[in-house]
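*Asks:* just coords:
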């Protein structure tokens, strides 16, 4: 089904009964491809690490690990491009605004290109500062620098791809996001084997393989974008692209999401820095437990991003039925997934710990502190879910303010709690952080539907 037909059918549904009675099926159709795409994300770095781990010197593995961390940290900071694009696109999709539907990819993509060029220009000071923080050996630093200097050339393509992923989620074509992620990983694996095993290019081959995978993925994404908008038969002009009020709205929204994301990254980084005070064993335990949080994000993010597109479309159409039913269905599935994770962690947590480490002391302590991970999914459901709703509603100011308040609660409590309760105290502080995120957004939640019309949710299935 092409985009114009999909928009026509969606708007017809909005005018009559919101979203279909089989709303659970629709939510799963959107969420499952996102979850599968999220699961493929770590593969890109894992393949590079695995290939380097089979070379003669451990320096290669250390270098690619450091280089990948630096690159991922930089690119992760631009995650607002994905989130902001989804919210704007979903709202344009909901009201069948064909011009803005195209502009909501092109404007952030233009910003992505500019930021990519800036990263090119600043690559030397960035890598020098990053390596200064790591304090690795001269050999490892040289190899990591070589890896970074190649990987950074894909920056514009990677940032544009964030916009593409956000745009396809916004028009409710999440299967395309899975296709793009799958292509990137398959090409990366093939080229890693060719360049490293076949041509013996070493760390340079790994970096080149990843760059080709990233750039080719973006090219395919642009091709699919053009295919989707071709059927809209809507002319656009440079004046549409450079609409100052729209650009201002885009920048304000993205800045708020960036601040929110930075606070989130800082909170987890500070949590890890506190763990270092308890010695290397607890730090290793912390790394193991954080893999549980990382795994949790795959599932909860899938439904949060589904909320972004369904909520954005319903709100732009001012349809109370579609909005309420979307929130209700996504909330039900998020809670189910949260409890499912808790059950898995309770019964399989010790087995997962044994798979993650073979160090006896780390295994023993990780199992002792596993209780924190068993209940964490139930608490984390709410900030994940509400983030998705607020992104779809374009309420980035509320997200920013809520995150700043939650970070203040976290920073204000963690040192006191650690001083009195040790490592357990740091987890109490993290729970307070997650609860604060959920509560601050829940307080603002009723304001989202204030201007909606159509009949109440009770009148529909």
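*Replies:* Great, that's in hand. Quick caveat: nothing in here was measured; it's all calculated off a predicted structure.
*Asks:* how close does residue 85 get to residue 147?
*Replies:* 29 Å (CB to CB, to the nearest Å). Bear in mind the C-beta positions are built from the backbone N, C-alpha and C, glycine included.
*Asks:* hang on, I meant residue 226
*Replies:* Taking CB to CB as the measure, residue 226 falls 33 Å from residue 147.
*Asks:* show me which of those two is the more surrounded one.
*Replies:* A direct count of neighbours by other CB atoms under 10 Å for residue 226 and residue 147 places residue 147 higher, at 29 against 9.
*Asks:* and the protein, what are its domains?
*Replies:* The chain breaks down by automatic domain parsing into domains covering 1-242, 251-461.
*Asks:* pick out the shakiest of those domains, pLDDT-wise.
*Replies:* In terms of mean pLDDT, the lowest-scoring of those is domain 1-242 (a mean of 85).
*Asks:* ramachandran coordinates for residue 319?
*Replies:* Reported as degrees, to the nearest 10, the phi and psi values for residue 319 are phi -100, psi 110.
*Asks:* who does it form a beta bridge with?
*Replies:* Per DSSP bridges, residues listed as beta-bridge partners of residue 319: residue 453.
*Asks:* identify the residue nearest the spatially most central residue of the chain in space, chain neighbours excluded?
*Replies:* Per CA atoms, centre = their mean, the C-alpha nearest to the average position across the chain is that of residue 79, at 6.4 Å. Distances taken as CB to CB, 6 or more residues apart in numbering put residue 261 closest to residue 79, at 5.6 Å, once the chain neighbours are dropped.
*Asks:* can you check residue 431 too?
*Replies:* Nearest non-adjacent residue to residue 431, counting by CB to CB, 6+ apart: residue 379, 5.9 Å away.
*Asks:* who's in contact with the closest residue in space to residue 174 that isn't next to it in sequence?
*Replies:* Of all residues beyond its chain neighbours, the one nearest residue 174 is residue 33 (4.2 Å), with distances taken as CB to CB, 6+ apart. Counting by CB atoms under 8 Å, 6 or more residues apart in numbering, residue 33 makes contact with 174, 175, 177, 178.
*Asks:* redo the residues you listed as CSV? Include distance to residue 210, secondary structure and neighbour count.
*Replies:* Formatted as CSV, the contacts of residue 33 follow (distance: CB to CB, whole Å; DSSP: H, G, I helix; E, B strand; the rest coil; neighbours: other CB atoms under 10 Å):
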residue, distance to residue 210, secondary structure, neighbour count
174, 24, helix, 25
175, 24, helix, 16
177, 19, helix, 24
178, 19, helix, 19
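*Asks:* ok, so of these, who is nearest residue 297?
*Replies:* residue 177 (15.8 Å; CB to CB).
*Asks:* pretty sure that closest one is touching residue 37, no?
*Replies:* Yes - using CB atoms under 8 Å, residue 177 makes contact with residue 37 at a distance of 4.9 Å.
*Asks:* coming back round to it: contact partners for the residue nearest to the centre of the chain?
*Replies:* By CB under 8 Å, 6+ apart, the contact set of residue 79 is 162, 257, 261.
*Asks:* let's see if you can find the most crowded of the residues you listed.
*Replies:* residue 257 (24 neighbours).
*Asks:* grab the nearest non-local neighbour of that one.
*Replies:* residue 80 (3.8 Å).
*Asks:* same deal with residue 199?
*Replies:* In this structure, residue 199 finds its nearest non-sequential neighbour in residue 205, 6.3 Å apart by CB to CB, 6+ apart.
*Asks:* so which elements touch the helix or strand containing the one you found?
*Replies:* In the assignment (DSSP states H and E), residue 205 maps to helix 203-230. For helix 203-230, the packing partners by 3 or more CB pairs under 8 Å, 6 or more residues apart in numbering; DSSP states H and E come out as helix 23-52, helix 58-76, helix 98-121, helix 138-151, helix 155-170, helix 174-192.
*Asks:* separation between the residue nearest to the centre of the chain and residue 161?
*Replies:* As judged by CB to CB, residue 79 and residue 161 stand 12 Å apart.
*Asks:* ditto for residue 191
*Replies:* 17 Å.
*Asks:* next one: residue 290
*Replies:* 26 Å.
*Asks:* check residue 333 too.
*Replies:* In this structure, residue 333 lies at 27 Å from residue 161, with CB to CB as the measure.
*Asks:* looking at the two, which one has more neighbours?
*Replies:* In this view residue 333 and residue 161 are compared by other CB under 10 Å, and residue 161 has more residues nearby, 28 against 20.
*Asks:* can you give me the helices for the stretch 301-450 of the chain?
*Replies:* Assigned helices in the stretch 301-450 of the chain, in chain order: 320-356, 360-368, 371-392, 396-421, 423-444 (criterion: DSSP state H, counting those that start in this stretch).
*Asks:* before we move on, the earlier item: as CSV, the contacts of residue 33 with distance to residue 394 would be great.
*Replies:* Formatted as CSV, the contacts of residue 33 follow (distance: CB to CB, whole Å):
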residue, distance to residue 394
174, 20
175, 25
177, 21
178, 26
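*Asks:* residues contacting the closest residue to residue 406 other than its chain neighbours?
*Replies:* Among residues not flanking residue 406 along the chain, residue 436 sits closest, at 3.7 Å (CB to CB, 6+ apart). Residues near residue 436 by CB under 8 Å, 6+ apart: 402, 405, 406, 409, 410.
*Asks:* this completes my enquiry, with thanks.
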